[in-house]
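> sequence and predicted model, in that order:
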Amino acid sequence: MQSTMSKRGPLYACLIYLSFTLLCFGFYHARTLQGDIDHHILAGEMFGTPAALKERGLQPLYRGPGMTGWDGQFYYYMANDILALKDTPQHIDAPSYRYQRIGLSLYTAIVAKLLWRDWVSPSLFFWSYLGLLLAAVWAGARLFQRLGASPYLILFWVLGVGPQITLFNALPDAAADAFMILALSALCASRVVGAAVLFAFAGLAREVYVLFPAFILLSHVVGSLRASSGGARWLALLRRPRFFWLLLPGVVVVAWRCYVELHFGISPSQQAGGILGMPLQAWWAYFVSGVRGQHLFAPSDSYAEAVCLLLFLLVLVLASGWSVALLKKRLVDLTQEVQGTAWAALALAALYASFGHVVIMHYTGYYKAVAVFFFLDPFLVSVWRGGVVLRRITWGVLTIALVLPMGYNLDTRILVTNNDIDDYTHNASVRLEQPQPCLKDSSASWQTKHVVMKEWGKMASLFGRHGVLLVEIELTNTGTEPWVSARAPGGTYMSYQWVDAKGKTVVDGVRSALVEPLLPGQSRVLTLVVKLPSRRGDFTLRLSPVQESCQWFYKVNPSLPAGL
């Protein structure tokens, strides 16, 4: 029975992943995507839609001139214009940088051709992406079996936040992971040519993944030279020419990068500002602000962001530690594939520790990147013989790093009904404007007209989301300056904060936009979506206008009313 269960491990791992993913996507599809799978690319009206896709009826999810949407829209658009010969680049924020990562788009375009489709629809993009991840789960589970480990270790990678975010929103990160896992599995089975092609796709999806074939090839070269002496060294290399297929990924990635740079007249790196910086500099700034309850990007989720940042760093430390341990041991059965992977993991960990603010500012940035280590850490540990205590510590850290962000993601992205909220807050109507000067007059008044409780449903309540208060107020600008809601510093909104007895912010409120500027003396009816504190305590609700990057009115004008 145990042998049968072990043989079926890869199948069961695929079924576990598929069940979990479709359950989560069901909630996400019904709520955020408004029941339309085409919306999973999270397109925004600001960049517009390529003409050929517009003719097919593709519409953005986020309406309004200032709505940017998510990066996945660009990678989807690229799937229908691989060589950037149409108007697609006009609808991409940084075309040279995006087109550098053509791997996922190219894969889905190939799938469409094999299915005799004349275009890549959003649904085909999603389902072919899901198929790629399923193939990687199967291959990864089989790889762990060959190492004498549990096939279910692959679930550390695929059940994590990163693969879920990237699959649900058409981003290339999990695709790069999947191609790398497939390539490594093929290589360990001595299918070098297939591995080289798969590594090339991984490098085209995330250019840094060329580190894996490069270090593995280097390990083979060094191993051959050490095993021979004198002039026989170079002859030993010539006897193993098939491993030079691992040069292919680097050649393909460099050639494609040259095409992109020549085509757009600018290098991808010039359009990738804020991705990298000094080691741990951005991490430290965002971690400290999160611990203090004033996260620089998501103040209402400060502590959750701080925990995720800490776990992100621990996962990198584990990878570095196991890589160094394996390389120092020089185990007899340490193959060149494992050596090369350990060197690549070490280099990748150092690179990811240098992420800049663009990546570190939110868990959806750094967790989709670090997801590959949820495969690499178990892979490196599985090669190790002994060290039971260290192995258990590793499994414990990885489990916590998997489960806590998963709950955070469920709470903030999967089980929310963002579009229902926007029916009240109207933030989608806010335009991208120039920064506004800080107001000198913080006078305001409002009258509460109506308060109701909105429930999210029984399933959402299982995850701690019990509903919100909908507070309808009539807001009056009693000052001398106009209030303008803008997607830029200085935009003014109506919002709230929950504060404790010491005046420390417990919950930073959802903003409600002013659809049109509110001039001095004017009044307008708004609906506030008031989230309740997740923990009990002596908290006070402070309603107040807020001017982003400038001031909360109630903090500079204590005479304003407090709660409802």
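Received it, and whenever you're ready, just let me know what you need.
> next up, identify which helix or strand the closest residue to residue 243 other than its chain neighbours is on.
Once flanking residues are discounted, residue 243 sits nearest to residue 220: 4.7 Å by Cβ to Cβ, 6 or more residues apart in numbering. Bear in mind the C-beta positions are built from the backbone N, C-alpha and C, glycine included. Applying DSSP states H and E as the criterion places residue 220 in helix 211-227.
> can you check residue 409 too?
helix 388-409.
> may I see the buried residues of that helix?
394, 397-398, 401-402, 404-406, 408-409 (16 or more other Cβ atoms under 10 Å).
> let me see the mean pLDDT of the helix or strand hosting residue 134.
Assessed by DSSP H and E, residue 134 sits inside helix 122-146. Over the span of helix 122-146, the pLDDT mean works out to 96.
> equivalent analysis for stretch 548-559, please.
On average, stretch 548-559 scores 88.
> now the end-to-end length of it.
End-to-end distance for stretch 548-559: 20 Å, by Cα to Cα, to the nearest Å.
> can you pull out the strands in this structure?
Ranges of strands within the chain are 445-454, 468-476, 492-499, 505-508, 523-531, 540-547, 551-552, based on DSSP state E.
> so how many other residues sit close to the residue nearest to residue 100 when sequence neighbours are not counted?
Once flanking residues are discounted, residue 100 sits nearest to residue 268: 3.9 Å by Cβ to Cβ, 6+ apart. Residue 268 has 19 neighbours, counted by other Cβ atoms under 10 Å.
> same thing with residue 536?
For residue 536, using other Cβ under 10 Å, the count is 6.
> and if you look at residue 329?
Neighbours of residue 329 (other Cβ under 10 Å): 12.
> and for residue 128?
Neighbours of residue 128 using other Cβ under 10 Å come to 21.
> check residue 150 too.
16.
> what distance separates the start and the end of stretch 490-509?
End-to-end distance (Cα to Cα), stretch 490-509: 17 Å.
> stretch 73-93 now?
Note: stretch 73-93 ends 10 Å apart using Cα to Cα.
> quick one: contacts of that stretch?
41-44, 47-53, 60, 68, 71, 95, 98-99, 101-102, 104-106, 108-109, 112, 119-120, 122, 125, 170-172, 263-264 (Cβ atoms under 8 Å, 6 or more residues apart in numbering).
> the same query, at a cut-off of 7 Å, please.
Stretch 73-93 has contacts (Cβ atoms under 7 Å, 6 or more residues apart in numbering) with 41-43, 47-53, 95, 98-99, 102, 104-106, 108-109, 119-120, 122, 125, 170-172, 263.
> so which bits of that stretch are buried?
Result for stretch 73-93 [16+ other Cβ under 10 Å]: buried residues 73-81, 84, 87-89, 91-92.
> now, which of those sits nearest residue 255?
residue 84 (15.3 Å; Cβ to Cβ).
> output the below-cut-off pLDDT ranges for the stretch 201-350 of the chain.
The model of the stretch 201-350 of the chain has pLDDT under 70 over residues 224-241, 330-334.
> switch to 50 and redo it
332 (pLDDT under 50).
> stretch 495-508 spans what distance, first to last residue?
9 Å.
> er, stretch 284-301 I mean
Stretch 284-301 end-to-end distance (Cα to Cα) = 17 Å.
> who touches that stretch?
Contacting residues not belonging to stretch 284-301 are listed as 302-303, 305-306, 309-310, 360-362, 412, 504-505, 507-508 [Cβ under 7 Å, 6+ apart].
> from the residues you listed, which two are the most distant?
360 and 504 (24.2 Å).
> among those two, which residue is more densely surrounded?
Using other Cβ under 10 Å as the criterion, residue 360 and residue 504 rank with residue 360 on top: 28 against 13.
> tell me the predicted confidence for that one.
Predicted confidence (pLDDT) for residue 360: 93.
> distance of it from residue 306?
12 Å (Cβ to Cβ, to the nearest Å).
> gap between the lengthiest helix in the chain and the chain center?
For the chain, the longest helix by residue count, based on DSSP state H, is helix 302-329. Relative to its chain's centre, helix 302-329 lies at 18 Å (Cα atoms, centre = their mean, to the nearest Å).
> which strands and helices sit next to that helix?
helix 281-291, helix 336-352, helix 363-370, helix 373-383, helix 388-409 (3 or more Cβ pairs under 7 Å, 6 or more residues apart in numbering; DSSP states H and E).
> for residue 189, which of those helices is the nearest?
That would be helix 336-352 among the helices and strands packed on helix 302-329, by Cβ to Cβ, at 10.3 Å.
> and the closest one, what's buried?
Neighbour-count burial for helix 336-352 [16+ other Cβ under 10 Å]: 336-349, 352.
> per-residue pLDDT, residue 88?
pLDDT at residue 88 comes out at 95.
> please determine how far the residue lying closest to it once chain neighbours are set aside is located from residue 51.
With Cβ to Cβ, 6+ apart as the criterion, residue 88 has its nearest non-adjacent residue at 3.9 Å, and that residue is residue 81. Distance from residue 81 to residue 51, counting by Cβ to Cβ: 10 Å.
> chain neighbours aside, what residue packs nearest to residue 562?
Nearest to residue 562 is residue 542, by Cβ to Cβ, 6+ apart, at 5.7 Å.
> burial count for the one you found?
Neighbour tally, residue 542, other Cβ under 10 Å: 21.
> pretty sure it is touching residue 499, no?
Yes. Counting by Cβ atoms under 7 Å, residue 542 does reach residue 499; the two are 5.9 Å apart.
> list residues touching both of the two?
With Cβ under 7 Å, 6+ apart, residue 542 and residue 499 have no common neighbours.
> the closest residue to residue 53 other than its chain neighbours and residue 117, how far apart?
Spatial nearest neighbour of residue 53, chain neighbours left out: residue 80 (6.3 Å); criterion: Cβ to Cβ, 6+ apart. Plainly put, residue 80 is 11 Å away from residue 117 if you go by Cβ to Cβ.
> thinking residue 9 is in contact with residue 154, fair?
No. When contacts are counted by Cβ under 7 Å, residue 9 is not listed as touching residue 154 (9.3 Å).
> compare these two (neighbour count), which wins?
residue 154 (31 against 19).
> what sits against that one?
Per Cβ under 7 Å, 6+ apart, neighbours of residue 154: 13, 137, 140-141, 144.
> how many neighbours does the residue nearest to residue 243 have?
22.
> how about the helices and strands packed on helix 302-329 in TSV, adding distance to residue 317?
What follows is these, written out as TSV (distance: least, Cβ to Cβ, whole Å):
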stretch	distance to residue 317
helix 281-291	12
helix 336-352	8
helix 363-370	12
helix 373-383	10
helix 388-409	9
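> to residue 553, which of these lies closest?
helix 281-291 (22.7 Å).
> can you give me the offset of that closest one from its chain's centre?
Using Cα atoms, centre = their mean, the offset of helix 281-291 from its chain centre is 18 Å.
> that helix vs helix 363-370, what angle?
Helix 281-291 runs at 130 degrees relative to helix 363-370, counting by axes from the mean of the first three to the mean of the last three Cα atoms, to 10 degrees.
> residue 297 and residue 305: what is the separation?
From residue 297 to residue 305 the distance is 8 Å (Cβ to Cβ).
> with neighbour numbers in mind, choose between these two.
Neighbour tally, residue 297 and residue 305, criterion other Cβ under 10 Å: the higher count belongs to residue 305, 25 against 16.
> how about the more buried one, nearest residue that isn't a chain neighbour?
Nearest one to residue 305, counting by Cβ to Cβ, 6+ apart, is residue 290 at 4.4 Å.
> mind checking how far the one you found is from residue 184?
34 Å.
> quick one: the helices in the stretch 1-150 of the chain?
Ranges of helices in the stretch 1-150 of the chain, per DSSP state H, counting those that start in this stretch, are 2-7, 9-30, 51-55, 72-79, 95-100, 103-114, 122-146.
> any buried residues in the shortest one, and which?
The neighbour-count criterion (16+ other Cβ under 10 Å) identifies residue 53 as the buried residues of helix 51-55.
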